[in-house]
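Participant: sharing a sequence plus its predicted fold:
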Amino acid sequence: MVTITVCIGSSCFKRGADDVVSEFQRLITENGLENKVVLKGSFCMDRCTEGTTVKVGDTVFVGVVARDVPRLFRDEVLTRLQLPGAGRGG
């Protein structure tokens, strides 16, 4: 099980957190991982000036925008689940 936490506080929300959440939801559903990935929101991750903050497991990413999500999903989520398509790369 992999947990993805997206900050949905006011600063992150203004910087596109809703689009980040939507993109993660799309990829989770598209890959049939509803029973293996938990997506949740958090109201402040204390990185308000750095853009949308996302935590995958214990690893924190800042300044995340929707176009970053497919790479994060592949490199962090699929890798942790040891699924095909996982791994670092272009």
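Facilitator: Looks like it came in fine. Numbering: from 1, shown residues only.
Participant: which residues sit against the helix or strand bottoming out on mean pLDDT in the chain?
Facilitator: Ranking every helix and strand in the chain by mean pLDDT, DSSP states H and E puts helix 10-14 at the bottom, with a mean of 87. Contact partners of helix 10-14, identified using CB atoms under 8 Å, 6 or more residues apart in numbering, comprise 6, 45, 48-49, 51-53. (Glycine included, C-beta is placed from N, CA and C.)
Participant: and those, which are buried?
Facilitator: For the contacts of helix 10-14, a burial check counting by 16 or more other CB atoms under 10 Å picks out 6, 45, 51-53.
Participant: now render the residues you listed as CSV, adding secondary structure and pLDDT.
Facilitator: Formatted as CSV, the buried ones among the contacts of helix 10-14 follow (DSSP: H, G, I helix; E, B strand; the rest coil; pLDDT from 0 to 100):
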residue, secondary structure, pLDDT
Val6, strand, 97
Met45, coil, 83
Gly51, coil, 85
Thr52, coil, 94
Thr53, coil, 94
